[in-house]
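Chemist: quick one: sequence plus predicted model below, questions after.
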Amino acid sequence: MNICELLENSLNTLQSTSGEHEQVNDENKQPEQQAVNQTDNQEQSSNKTSSTNEEENDDEEDYNKMIDFISLTDSPMDYKLTNSISIPTQNESGNDSNNTATNSNNNSVNFSTGYNFINEEDAFDALNPFEKLCKLCENPTPTNIESASKYVLPALEFAASQEDYVRIFFYLKKYCFYSDVLIRSLWLDQIQNVVHFLHQEQQQIEIEFTDDFNMVNQLTLLISDLMPENAYQVKKCASSGLLSIVEKQLVDNRQIEEIIVPCLLSLVKENNEDFHIDCITLFGRLAPLIGRELTTKYFLEPFCRLCNSPVFHTRKTCATYIAEIANIISSEDVETHLLPNFCEFMKDQVWAIRKVCADQFSSFAQTCSRATRETVLTERFTHLLEDHSRWVKISAYKSLGSFIATFARTEAELQNQQNESISEVKSDEPKTSESNENVQSNTNNTSNETAKSDDATPTLTSLLKNINDSNTKSSLYTSTTSLNQQPSTQQTQENLIQQLSMELNQEIVPPILLSYFVTMVDINTQNSLDSEMNYNCAYNFPAIALTLGSKYWKFIKNLYKKLSEDLSWKVRQTLAYSIHELAIILGTENTQNDLVPVFDSYIKDVDEVRMGIVSNLNKFLKVLSIDYRRQYMPKLNDFLKMDNQRNWRFRNELGIQISKFCELYPPDCLAEFVQPVTFTLALDKIAEVRVTAVKALVEVLRQFELKKRQDYRRNFIDDVIRTFANSNKWTFRQLYVVLCEQILSTKAFNDFELFTRDFLPKLLQYRNERVPNIRVLVARVLSTYIINHELFLNGKSALVGELELAIQYFSNDPDSDVRSHFPLKNKDNSSLPSYEELYKTMDTSDHKNQMDISNSSEPMKHDEKMNHDDEEDDDDDEDEIIDKTKINQLKIVNLENEMDDDDEMNEVIDTTQQERESEQKDHDNNSQEKITSTITTNEEIVLH
């Protein structure tokens, strides 16, 4: 079967399936063409009788292929064979030769048909996204609908009128309800894109829309229609789109009340568990977005009704989001409506619901009054701590610290307490001597009570020891009594906790809660509840200490000692990062007695723990007295010893802390202990550590200036000149310039003349520096801080001539970055020596093995900059490796690329000499060729 017959059969099939085109085809066909088609059909029927079953299968495959081509046409009205193919007509003679001609004509049709379809594909690619969307949606085949989904967002950007936007939203609404699940999900995913477009571009659309068309309303109504769907993917896309619309504030309260709220309330009335869960989730997530008024008005009553649902999943979802809603509504509504439901959840028979309550307990407790927390919630929470489910108990212990922290008194409460105590004192003043005796007796009683409270620590220790021995006692009972008479370990612990709560009597936190917190580590050690319980206890410990204050530190200091000795480095690391906050809470005396030993032990701990104390070293030392501060100065060298020398961030953090605590120490301590450590950091391999150490050195110098210690300042300057300014390494000479710039920017010297006397002479000598990186920094320092100072503007300094000479050198420097700081051009350069003469006259004691490099300044600049950039790149690569992996198979990064200048310059000079020799050879060869060519031309001229 040829292509002509195949296309005609496909037309007949399409006309039979879609009766829309029959009338159009009958009107367009001429009587002559109908006769021709009838004769062709008769010939085709005769040919079909001789075809085999294999040819029929091939025809079906070709038919399917042709349908794909036809789907690219403009509309169903274009499915006319006469528009794309010229069907041959029957001649009057009806000879076989004519049939042969017809066959040849059919063969030509096959080629032209393929050519037309290719042109149609090119034409489709030339359309804009909006036109592509319309063209594909007008031919609603599954393939076209699937392809059209990706043009929704671009089509919005190309829409030019209100009708265009109406058409786009029409297609979006139509195909979001398509029967095919895969295609439908593709269109549903476009909802988020449309929301993002409306949020970003809606205000920039210049089209004036009529009152009956609002894109946000159209999209919100579409989402509301999708919410009652049962398919999970549909509900997920609709919920996320609804949250995005409210979160991006595309709708106001009126639209929420008119469109969104009725949709959600209608789902609550449905007898469908999935709908209820979706509504509860939206209640909890929309409540912070719509505010207290709408939440209380519309969401509170249906939420409380769903809390009493007999379905387990519905109650669990309510328990999950009850704290979210409680944080929005008022505390009176919380205690009236939500608190009874929350208490019922904590008594639920399903342990998963009780576990959710334990997780959300502290968040919910913050919304209740203090009296409710002390009575109702404390009682219910103790039941969760003693729950028979292990998972509920673990979650309760994790929330214990944050729940105790909710009892911390605010500043207003503390102020009211102080006012009450003052008023009581004033009311007692006019009493007689008899009352004074009573006051004295009361004072004696309070002193006795204070003495008793000071003896609380041994009692707590003995009670905790009894808790540790509870397992041993239970084993003894097992061997001597029957199972019915055996007291369980849990009952023994409960009795000991009750006794302990009597010893922990104070007016801030319910004693029963504090007793559970104090025994948390011991209970976890015995029962092995959770490996992370000690970590959670250490994490919440500063909050507990802040709640109790320094007055009741004695109740929890034994627990702190146990946590500080925990075998897990994560627990010790948490304490190390918070030890400075704990010191501020406890004060100087308690810190020196109880925290200093822990701090000393952490100095020799693993690097992860040491990083915690180093990062807040300044804050911890501020709490200590001057004598205790001095004790840590000899220990600074211990911080330079690390498990991993590649951990440069630890050294960098030490340099930062040194610059902060310099003001806490006298000059003799700084000169004896701090200055050597800072110089060691300044010689580090990592550039970031060196720059940080330079800032610390400037702070040390500032303290010498403030305390008027000229002897320490002179020694400091000598060390700087010897270590940095006269160094053979260009990186250290560069560091000297950075130090000078830091001194000037921070005004470490009160007298500018001191700087010009001590630092500026060496700085001006760097005008002859070979490394362009250093010359750039020197030029920046001179142009920013030196040349505009009144000391040089008035000509009072003896270094005016040297400064003018340096400016002349830098203004004619071969490096453009150096010249940019001094844009003035020197017209007479004959007075200035060339770089070749300068390098020949350099002091041989400071610079050895110097050679002629006057013609190689640019290659040398390039090499020096590349070396410096390579060093910084290596530092960055090392940062990435250390951040990403902590295994032994690290890629070795070469950080020792800080070579001496002599070695670098020799290598550069060797390469430049070779290049100059090769250039000289090339020049000689070229000149020789030119000479020979001139000779030959002259000979030719003579011959002519």
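Modeler: Structure received.

Chemist: tally of neighbours for the nearest residue to residue 372 once chain neighbours are set aside?
Modeler: Distance criterion C-beta to C-beta, 6 or more residues apart in numbering; nearest residue to residue 372, sequence neighbours excluded, is residue 335 at 6.0 Å. C-beta here means a position set from N, CA and C on the backbone, and glycine is covered the same way. Using other C-beta atoms under 10 Å, residue 335 has 17 neighbouring residues.

Chemist: quick one, what contacts residue 335?
Modeler: 368, 369, 372 (C-beta atoms under 8 Å, 6 or more residues apart in numbering).

Chemist: PyMOL command for the buried members of those residues?
Modeler: The PyMOL command for the buried members of these (criterion: 16 or more other C-beta atoms under 10 Å) is given here:
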select buried, resi 368+372
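
Chemist: from the contacts of residue 335, which land in helices?
Modeler: Secondary structure assignment by DSSP state H places residue 372 of those in helices.

Chemist: export the contacts of residue 335 to JSON lines and tack on distance to residue 813?
Modeler: Below are the contacts of residue 335 laid out as JSON lines (distance: C-beta to C-beta, whole Å):
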{"residue": "368", "distance to residue 813": "73"}
{"residue": "369", "distance to residue 813": "75"}
{"residue": "372", "distance to residue 813": "77"}
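
Chemist: closest to residue 736 out of the contacts of residue 335?
Modeler: Minimum distance to residue 736 across those is 63.8 Å, recorded for residue 368 (C-beta to C-beta).

Chemist: contacting residues around the closest one?
Modeler: Here residue 368 is in contact with 331, 334, 335, 339, 377 (C-beta under 8 Å, 6+ apart).

Chemist: nearest to residue 169, of these?
Modeler: residue 334 (41.6 Å).

Chemist: give me the number of residues near the closest one?
Modeler: 23.

Chemist: so how far is residue 255 from it?
Modeler: Separation of residue 334 from residue 255 (C-beta to C-beta, to the nearest Å): 28 Å.

Chemist: could you do residue 689 as well?
Modeler: Taking C-beta to C-beta, one finds residue 689 at 58 Å from residue 255.

Chemist: between these two, who's got more neighbours?
Modeler: Neighbour count, other C-beta under 10 Å: between residue 689 and residue 255, residue 689 has more, with 22 against 17.

Chemist: was I right about the more buried one contacting residue 650?
Modeler: No: between residue 689 and residue 650 there is no contact under C-beta atoms under 8 Å: 9.6 Å.

Chemist: got any ranges where the stretch 701-850 of the chain has weak pLDDT?
Modeler: 824-850 (pLDDT under 70).

Chemist: can you show me the helices along it?
Modeler: 710-720, 730-746, 752-758, 760-764, 772-781, 790-793, 800-811, 816-819, 835-840 (DSSP state H, counting those that start in this stretch).

Chemist: and the chain, what are its domain boundaries?
Modeler: 124-203+212-365, 761-823 (the TED database).

Chemist: out of those domains, the one nearest residue 681 is which?
Modeler: That would be domain 761-823 among these, by C-beta to C-beta, at 20.3 Å.

Chemist: would you turn the domains of the chain into TSV with distance to residue 658?
Modeler: Shown next, in TSV, are those (distance: least, C-beta to C-beta, whole Å):
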stretch	distance to residue 658
domain 124-203+212-365	40
domain 761-823	24
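
Chemist: what's the closest of these to residue 602?
Modeler: Closest among the domains of the chain, using C-beta to C-beta: domain 124-203+212-365, at 29.3 Å.

Chemist: and that closest one, how far apart are its ends?
Modeler: This stretch, domain 124-203+212-365, spans 63 Å end to end (C-alpha to C-alpha, to the nearest Å).

Chemist: next: stretch 676-696.
Modeler: Start-to-end span of stretch 676-696 (C-alpha to C-alpha) is 11 Å.

Chemist: let's number from 814 now, not from 1
Modeler: Understood, numbering begins at 814; the last thing we discussed is stretch 1489-1509.

Chemist: and it, what's buried?
Modeler: Those would be 1490-1492, 1494-1509, for stretch 1489-1509 by 16+ other C-beta under 10 Å.

Chemist: from residue 1546, how far out is residue 1539?
Modeler: 8 Å.

Chemist: so which of those two has more stuff around it?
Modeler: Higher neighbour count among residue 1539 and residue 1546: residue 1546, with 22 against 14, using other C-beta under 10 Å.

Chemist: which residue ranges of the stretch 1314-1463 of the chain form helices?
Modeler: So, for the stretch 1314-1463 of the chain - with DSSP H, counting those that start in this stretch - the helices run 1324-1331, 1333-1340, 1346-1361, 1370-1377, 1382-1399, 1401-1403, 1409-1416, 1420-1427, 1430-1436, 1439-1444, 1461-1474.

Chemist: no further questions, thank you.
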